[in-house]
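Student: what shape does this take:
(2 chains)
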Amino acid sequence: MRVFTASLAEMWFSARRRSRLSPDEATAELMLARRRLGQHAPASQRTLELVLAAAAGPATGRELAGEAAAVTAFLAALPEPEPARRRGPRRIPVLAVAFMFVALVALCGTAEAGALPAPLQRLAHQAINAPAPPPAMRVPRPGADVTPGPGASGTHPAPAGSGPSQESRTGKPSTTPKPTHTSASQGDGNGNGQGQPSASASAKPSASTTDNGKGNGGTPGQGGGNGNGNGNGNG
Amino acid sequence: MLYGHFVLDGDFPDVLRLAACGDAAAFARLWRDTHPPLLRYLWVSVGDAAEDVAADVWLDVARRIGSFHGGEQEFRGWLFTMARRKMIDRHRYEARRPVSPTADGELFDRPAPDDTVAAALEYISTETALALIATLPRDQAEIVVLRVVVGLDANAVAQIVGKSPGAVRVAAHRGLRTLRERVADATVTSPGRGGVTL
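Tutor: Sure, this is the predicted structure:
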């Protein structure tokens, strides 16, 4: 209802305004709207119409002479096309380089702290002089035979039964264990290693002990064997 | 029947889109369609500086055409609003730094009204018609050109010049009345100069 009333009022004002235009004003509106007057228009109005038509006439050659320069200036003044498209390929390498840098710094920090896994830490030690990895510990598997036999390792205390290594603590075994059994099969073994004395009763040094053991041994049922073993133990 | 017209009309949306994408041919079409009325408007307002001001306007158009949305009438309104701002800047610049040795160089650049009218009646070219319009007070001349040469309606002109549509109509009617009186006087006072056959 309100819209209807408003449109009615608008129509009434529009009609009133049109009706209030003098003939001169109505003619002026026609000329301003670039409409031709009829042949019956007064001479002065027709002359004015000619003047206005000439002012709105077709473009002259002089006015259009600068087209080439205008197009050149237009192409030069165009804004850069699509900054997002240009940003895309650049952003990826920057991010990758930043990520690699952060990863490298973290790796170096970890290496300096000595917290890398042993192989990596060893590599870092050689490459950037990071601390060396701690000595490797070999823990005997439960149920494994600890008797020095073939390939006896120095990580173990001196071979069982190697009295000198317990008594003289010279680190050089003076006795050679003899195999009680001799069989056709023999084995040789050499081993060097550092070891900590275990809590076993067979070798229990009370102070720092360096044992070197060498011996041949055999276990019943295994035949005979030769073995060398070096062992360092701290206790 | 119209004696002025928009050249592009139905093609305008495509031409504008291509020009905004940097198409030189499309921009050239826009330029050919709009530059002559722009130059005429500026010539009436700033005289010989019209070419320089028009070049500045087109540079602005090139930079901002991608953000424009609208039809041909709106495009002209947008462009002539920029032109008017440039024109006002030019007036301020000239007021601060007058380069003419006389108080008003415009008087020397433009012919006297009587001579202009007589010349217009003998051979009405675009230049003489614009020279005749330029003899009007500046606000009236500006509005007459925007309506007749550029082809904008009263509402669009009102937005450009910052007046009400009613004030625009009044100024335009006064300008046309003054022009008609000068033309009538010229035909009466110079009958022997081979004036236009009425």
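Student: now chain A, which segments are flagged as low pLDDT?
Tutor: Chain A contains residues with pLDDT under 70 at A:1-21, A:23, A:81-92, A:136-235.
Student: how about the residues of it by chain B?
Tutor: A:24-25, A:28-29, A:31-36, A:43-48, A:50-60, A:63-64, A:66-67, A:70-71, A:73-75, A:77-79, A:81 (C-beta under 8 Å from any C-beta of the partner chain). Where you see a C-beta, it was placed from the backbone N, CA and C, and this is true even at glycine.
Student: pretty sure B:Ala172 is touching B:Leu152, no?
Tutor: No: look at B:Ala172 against B:Leu152 with C-beta atoms under 8 Å: they stay out of range, at 11.1 Å.
Student: still on that earlier bit, only the buried subset of the residues of chain A next to chain B, as a PyMOL command please.
Tutor: Selecting the buried subset of the residues of chain A next to chain B in PyMOL, with 16 or more other C-beta atoms under 10 Å in any protein chain shown as the burial test, is done by:
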select buried, chain A and resi 25+28+29+31+32+34+44+45+46+47+48+50+51+52+53+54+55+56+57+59+63+66+70+71+73+74+78
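Student: okay, which residue is most central for chain B?
Tutor: B:Tyr41 (1.7 Å; C-alpha atoms, centre = their mean).
Student: any idea which helix or strand of chain B has the worst average confidence?
Tutor: Least confident helix or strand, chain B: helix B:106-109 with a mean of 42, by mean pLDDT, DSSP states H and E.
Student: give me the neighbour count for A:Leu120.
Tutor: Neighbourhood size, A:Leu120 [other C-beta atoms under 10 Å in any protein chain shown]: 15.
Student: my guess is it contacts A:Gly114. True?
Tutor: No: if you go by C-beta under 8 Å, A:Leu120 and A:Gly114 don't touch, sitting 10.8 Å apart.
Student: the residues of chain A next to chain B in helices, which ones?
Tutor: Counting by DSSP state H, these place A:24-25, A:28-29, A:31-32, A:43-48, A:50-55, A:67, A:70-71, A:73-75, A:77 in helices.
Student: wait, what's in contact with B:Pro137?
Tutor: For B:Pro137, the contact set (C-beta atoms under 8 Å, 6 or more residues apart in numbering or on different chains) comprises B:Gly175.
Student: how far away is it from B:Val170?
Tutor: To B:Val170, B:Pro137 is 13 Å away according to C-beta to C-beta, to the nearest Å.
Student: how about B:Arg182?
Tutor: 19 Å.
Student: quick one: which of these two has more around it?
Tutor: Between B:Arg182 and B:Val170, B:Arg182 has the larger neighbour count (other C-beta under 10 Å), namely 21 against 15.
Student: quick one: the helices in chain B?
Tutor: All helices of chain B, identified by DSSP H, fall at B:12-20, B:24-46, B:50-64, B:72-96, B:106-109, B:113-122, B:126-134, B:138-144, B:154-161, B:165-189.
Student: want to throw those into JSON lines with distance to chain A?
Tutor: Output for those, formatted as JSON lines (distance: least, C-beta to the nearest C-beta, whole Å):
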{"stretch": "helix B:12-20", "distance to chain A": "8"}
{"stretch": "helix B:24-46", "distance to chain A": "4"}
{"stretch": "helix B:50-64", "distance to chain A": "4"}
{"stretch": "helix B:72-96", "distance to chain A": "13"}
{"stretch": "helix B:106-109", "distance to chain A": "17"}
{"stretch": "helix B:113-122", "distance to chain A": "6"}
{"stretch": "helix B:126-134", "distance to chain A": "4"}
{"stretch": "helix B:138-144", "distance to chain A": "8"}
{"stretch": "helix B:154-161", "distance to chain A": "8"}
{"stretch": "helix B:165-189", "distance to chain A": "4"}
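Student: worst mean pLDDT among those helices?
Tutor: For the helices of chain B, mean pLDDT drops lowest on helix B:106-109, to a mean of 42.
Student: for A:Gln126, give its distance to B:Val149.
Tutor: Distance, A:Gln126 to B:Val149, by C-beta to C-beta: 86 Å.
Student: which one of these two has more residues nearby?
Tutor: Taking other C-beta under 10 Å, A:Gln126 and B:Val149 do not tie; B:Val149 has more neighbours (25 against 10).
Student: list the contacts for that one?
Tutor: A:55-56, B:4, B:37, B:40-41.
Student: using CSV, lay out those residues together with distance to B:Gly47.
Tutor: What follows is those, written out as CSV (distance: C-beta to C-beta, whole Å):
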residue, distance to B:Gly47
A:Ala55, 16
A:Ala56, 20
B:Gly4, 23
B:Pro37, 17
B:Arg40, 12
B:Tyr41, 12
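Student: for those, work out which two are farthest apart.
Tutor: Longest distance between any two of the contacts of B:Val149 is 13.0 Å, between B:Gly4 and B:Tyr41; criterion C-beta to C-beta.
Student: wait, doesn't A:Thr27 sit right on A:Ser44?
Tutor: No: between A:Thr27 and A:Ser44 there is no contact under C-beta under 8 Å: 10.4 Å.
Student: burial measure for B:Leu42, as a count.
Tutor: Using other C-beta under 10 Å, B:Leu42 has 25 neighbouring residues.
Student: excluding its backbone neighbours, what's nearest it?
Tutor: Distances taken as C-beta to C-beta, 6 or more residues apart in numbering or on different chains place B:Ala50 nearest to B:Leu42, at 3.7 Å, with adjacent residues excluded.
Student: what's the answer for A:Leu75, then?
Tutor: Nearest non-adjacent residue to A:Leu75 (C-beta to C-beta, 6+ apart): B:Ala24, at 6.0 Å.
Student: ok, that neighbour - contacts?
Tutor: Shown in contact with B:Ala24 (C-beta under 8 Å, 6+ apart): A:71, A:74-75.
Student: at 10 Å instead, please
Tutor: A:71-72, A:74-75, A:78, B:18, B:31 (C-beta atoms under 10 Å, 6 or more residues apart in numbering or on different chains).
Student: now flag whichever of the residues you listed is closest to B:Ile143.
Tutor: For the contacts of B:Ala24, the minimum distance to B:Ile143 (C-beta to C-beta) is 24.5 Å, reached by B:Trp31.
Student: for the residue nearest to the closest one when sequence neighbours are not counted, what are its contacts?
Tutor: Computed as C-beta to C-beta, 6+ apart, the closest residue to B:Trp31 that is not its neighbour in sequence is A:Ala70, at 5.2 Å. A:Ala70 makes contact with A:64, B:27-28, B:30-32, B:35, B:54-55, B:58-59, B:61-62 under the criterion C-beta under 10 Å, 6+ apart.
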